[in-house]
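> Next come a sequence and a model predicted from it.
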Amino acid sequence: MTPTPTRKARILIVDDDPGLLRLLTIRLRAESYEVEAVESAAQALAAATRFRPDLVISDLRMEPVDGIGLLKELQNRWPGLKVILLTAHGTIPDAVQATQMGAFGFLTKPVDKQELLDQIQRALKISGFSGNAEEWRADIITRSAIMEERLAQAHMVAGTDARVLIVGESGTGKEMLARALHKASPRRARPFLAVHCTGMSEEQLDAELFGAAAEGRERKGALEEADGGTVLLDEIGELPPRLQQKLLRALQEEAVRPAGADTARPVNTRVVSTTSHDLQSLAAAGLFREDLYYRLNVVQIEMPPLARRREDIPLLIAHFLAQIMAETAQRSIFPPEALELLATADWPGNVRQLQNLVRQAVAMSQTPIVPVELVQQSLGGAPGRLPSFDEARDEFTRGYLSQILQITGGNVSQAARLAKRNRTDFYKLLGRHQLVPEDFKQR
């Protein structure tokens, strides 16, 4: 058996003292950590998007943005990312205040090597870092930059107990991401239970989620059965109003009262929810409790539709074909014309639709090489349309601009410099492609 690949923990160091940066970098690389060193908060935010650190070590006193300002922005963009602050003796009260605001801890300068290493190990352990680089996300097949961003966000929040709301169209893999998040969390040794809020009567859903007690017998609900683990509430927008209120009470009290029981029982269960609806609009229309929405939506992760990750289509097809071969020993190949057709098709059903199409085409094919006509028939007979040159150029340009704004945190001056364009031209490009820099400052 091939051993599970491992990776080094990634640490981002931020300090305006180049000498200290060099010293800490040498020390941590000697301990087999992967290190990125920068001299300002702005550089740190840009590096964090690209480097995706497991831990940040930052000086407290920096200009123009200090360590506390950086801490706030990191918490806003990547909840769960642990931050250790470095401080001189005179600023210890500020550092103590920073820990109350969410910093993992602080170290005084000059930094003691062993104390530094001990605190790093504790922070990585609490964050849920695992050297098994691919184990937690092994079921998610992607090489898409936007999916890697979502996975990085999930991995960051996995080390916390924050509730997560995963939004996206049907078939995008929301439940798969929820399972990966659980595997990356400190709760991974405890149960993961999924409750689907559609397809059941209100009474059945009540018993499934909260349990039931009748005629001297008790049945634990998922919130109690998964104690210490994770419960996924799939399509939470379909939860009936009475059960919305009951769930809100359970989350507030961290306890459940099964139907027919006299007392509530405490539970320690993390709740992850998914929805293909706009819950905020439902709440505004009075169709979903607004207070419950804010309880569930502590961290939101949006799963992109397949049309926004087309580079994954050939990879997913190869994965589905490998699954079929493992199940049936039937080896099938999609010719280049078929792959091109699928790569340019519309996918309203997203990854689930692609998987069903691959299985259907393989089942109907009389030869190992699946005919392109059969693939087109499975798509509904309408051939995929290649974009025009202008359309393809516009799509590339918009994607490039989005990526560069994401890297710079919406800083137009930095983005223009990276793109080697002057600010005026860069603003014109943003306007032409309807991109707003402010949108990227909160991501």
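Received it, and whenever you're ready, just let me know what you need. Residues are numbered from 1 along each chain as shown.

> use CA for all of it now, contacts and neighbours both
Noted.

> Doesn't residue 231 lie inside a strand?
Yes - when DSSP: H, G, I helix; E, B strand; the rest coil is applied, residue 231 is found to be in a strand.

> Can you name the residues that contact it?
Residue 231 makes contact with 192-195, 222-223, 269-272 under the criterion Cα atoms under 8 Å, 6 or more residues apart in numbering.

> Secondary structure for those - can I get that in TSV?
Listed next are these as TSV, based on three-state DSSP:
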residue	secondary structure
192	strand
193	strand
194	strand
195	strand
222	helix
223	helix
269	coil
270	strand
271	strand
272	strand
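
> closest to residue 238 among these?
residue 195 (11.6 Å; Cα to Cα).

> The closest residue in space to that closest one that isn't next to it in sequence: neighbour count?
Nearest non-adjacent residue to residue 195, counting by Cα to Cα, 6 or more residues apart in numbering: residue 233, 5.1 Å away. By other Cα atoms under 10 Å, 24 other residues sit near residue 233.

> and the residue nearest to residue 402 when sequence neighbours are not counted, helix, strand or coil?
Among residues not flanking residue 402 along the chain, residue 435 sits closest, at 7.5 Å (Cα to Cα, 6+ apart). Secondary structure assignment for residue 435 (three-state DSSP): coil.

> Could you check how far the residue nearest to residue 38 when sequence neighbours are not counted is from residue 57?
Among residues not flanking residue 38 along the chain, residue 14 sits closest, at 5.1 Å (Cα to Cα, 6+ apart). Distance from residue 14 to residue 57, counting by Cα to Cα, to the nearest Å: 6 Å.

> Likewise for residue 198?
Counting by Cα to Cα, the gap from residue 198 to residue 57 is 45 Å.

> more crowded one of these two?
For residue 198 and residue 57, the more surrounded residue by other Cα under 10 Å is residue 57, and the numbers stand at 24 against 15.

> Contacts for the helix or strand harbouring the more buried one next, please.
Secondary structure assignment for residue 57, by DSSP states H and E: strand 55-59. Strand 55-59 is contacted from outside by 10-16, 66-67, 81-87, 120, 123-124, using Cα under 8 Å, 6+ apart.

> ok, now stretch 279-298?
Residues outside stretch 279-298 that contact it (Cα under 8 Å, 6+ apart) are 162-165, 237, 241, 244-245, 247-248, 251, 271-273.

> Flag every buried residue along stretch 199-214.
Using 16 or more other Cα atoms under 10 Å as the test for burial, stretch 199-214 gives 202, 205-213.

> cool, and stretch 252-264?
For stretch 252-264, the neighbour count (16+ other Cα under 10 Å) marks 254-259 as buried.

> What of stretch 157-172?
157-172.

> Stretch 146-155 too?
147, 150-155.

> just those residues now: which is nearest residue 22?
Proximity of the buried residues of stretch 146-155 to residue 22 (Cα to Cα) peaks at residue 152, which lies at 27.0 Å.

> Tell me if I'm right that that closest one and residue 53 touch.
No - between residue 152 and residue 53 there is no contact under Cα atoms under 8 Å: 9.3 Å.

> top helix in this structure by residue count?
Using DSSP state H, we find that the single longest helix of the chain is helix 389-407.

> so how far is that helix off the chain centroid?
In terms of Cα atoms, centre = their mean, to the nearest Å, the centre of helix 389-407 is set 22 Å apart from its chain centre.

> follow-up on the earlier one: if you rank the contacts of residue 231 by neighbours, which is first?
Result: residue 223 is most packed of the contacts of residue 231 (other Cα under 10 Å), 30 neighbours.

> Tell me how far that one lies from residue 211.
According to Cα to Cα, residue 223 stands 8 Å off from residue 211.

> surely residue 226 meets residue 189?
No - if you go by Cα under 8 Å, residue 226 and residue 189 don't touch, sitting 10.8 Å apart.

> Of these two, which one has the most company?
residue 226 (20 against 11).

> Now for the closest residue to that one other than its chain neighbours: which residues touch it?
Once flanking residues are discounted, residue 226 sits nearest to residue 191: 5.1 Å by Cα to Cα, 6+ apart. Taking Cα under 8 Å, 6+ apart, we find residue 191 in contact with 225-230.

> CA atoms only for the lowest-mean-pLDDT helix or strand in the chain, dumped as CSV, please.
Scoring the helices and strands of the chain by mean pLDDT, DSSP states H and E places helix 92-100 at the bottom, with a mean of 73. Presented in CSV, the C-alpha positions along helix 92-100 are these (Å, rounded to 0.1, in the frame of the first residue of the first chain):
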residue,chain,number,x,y,z
ILE,A,92,2.5,42.9,27.4
PRO,A,93,-0.9,44.4,28.5
ASP,A,94,-1.7,45.0,24.8
ALA,A,95,-0.8,41.4,24.1
VAL,A,96,-3.0,40.1,26.9
GLN,A,97,-5.9,42.2,25.4
ALA,A,98,-5.1,40.7,22.0
THR,A,99,-5.5,37.1,23.4
GLN,A,100,-8.9,38.1,24.8
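
> Okay then, goodbye and thanks.
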